[in-house]
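>>> Could you work out the structure for the sequence below:
(chains A and B)
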Amino acid sequence: DQQVKQNSPSLSVQEGRISILNCDYTNSMFDYFLWYKKYPAEGPTFLISISSIKDKNEDGRFTVFLNKSAKHLSLHIVPSQPGDSAVYFCAASGSNYKLTFGKGTLLTVNP
Amino acid sequence: NAGVTQTPKFQVLKTGQSMTLQCAQDMNHNSMYWYRQDPGMGLRLIYYSASEGTTDKGEVPNGYNVSRLNKREFSLRLESAAPSQTSVYFCASSEAKGGQGARAFFGQGTRLTVV
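All right, here's what the predicted structure looks like:
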């Protein structure tokens, strides 16, 4: 049973517009959430994270929002750039620090 | 700073052959992980080691064994490779810090093909 779900396999946006990537989770014991970015033939790289005690974390063009009651988080990228084109993975962890990943969303930013 | 280093980067095996994927990290992290990535499946945890001397099964451990040789190294062994184990394998390490949970750092991956 998937504990972390990314229901959109792909997303296409225009350069300069906002990209919104969504993630849902089922395990209420998760207390830390992360977003990773992955280019082809490379390992995933950490992008941004949020603790369950917060509802928003911002880092430059990237903002993650957490809605605990809905068990939902989202990643906003504003403005989107062609270099942001990659696969984005949502991940969650609990007290054992084991990371559980979603299936990923392929973001394409068109010039 | 090398971070997480995996060897080899590519490997082709025949069904039934065995091999060990090596992973080493130089960040003094306690926790290490092995994931596999398959098309449409995301990253699935095979095994992880919360600290030196301990290992635990993840989501897809069948057909694999692991060894946490020391704090730096965590190897993944395929005793009898099967075509279903064709995948890209990623090693990762993390050190939980206050408020940061399990922020993991990944290696570049090993692309394994079993024919």
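>>> can you pull out the strands in chain A?
With DSSP state E as the definition, chain A shows strands at residue ranges A:4-5, A:10-14, A:19-25, A:32-38, A:45-51, A:56-59, A:62-67, A:72-77, A:86-93, A:100-101, A:105-110.
>>> May I have stretch A:56-67 as PDB, with CA atoms only?
Provided in PDB are the C-alpha atoms of stretch A:56-67 (Å, rounded to 0.1, in the frame of the first residue of the first chain):
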ATOM      1  CA  LYS A  56       5.000  26.500   5.100                       C
ATOM      2  CA  ASN A  57       8.600  26.700   4.300                       C
ATOM      3  CA  GLU A  58      10.200  28.900   1.700                       C
ATOM      4  CA  ASP A  59      13.600  28.900   0.000                       C
ATOM      5  CA  GLY A  60      14.000  31.300  -2.900                       C
ATOM      6  CA  ARG A  61      11.700  30.300  -5.800                       C
ATOM      7  CA  PHE A  62      10.600  27.200  -3.900                       C
ATOM      8  CA  THR A  63       7.900  27.000  -1.300                       C
ATOM      9  CA  VAL A  64       6.400  23.900   0.300                       C
ATOM     10  CA  PHE A  65       3.000  23.900   1.900                       C
ATOM     11  CA  LEU A  66       1.800  21.300   4.400                       C
ATOM     12  CA  ASN A  67      -1.900  20.600   5.200                       C
END
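>>> For residue B:88, give its distance to residue B:38.
8 Å (Cβ to Cβ, to the nearest Å). Backbone N, C-alpha and C define where each C-beta goes, glycine included.
>>> still on that earlier bit, out of the strands of chain A, the one nearest chain B is which?
In terms of Cβ to the nearest Cβ, the element of the strands of chain A nearest to chain B is strand A:32-38, at 2.8 Å.
>>> now the helix or strand of chain A with the lowest mean pLDDT: how far from the chain's centre is it?
None of the helices or strands of chain A scores lower by mean pLDDT, DSSP states H and E than strand A:100-101, at a mean of 92. Averaging C-alpha positions (Cα atoms, centre = their mean, to the nearest Å) puts strand A:100-101 11 Å from its chain's average.
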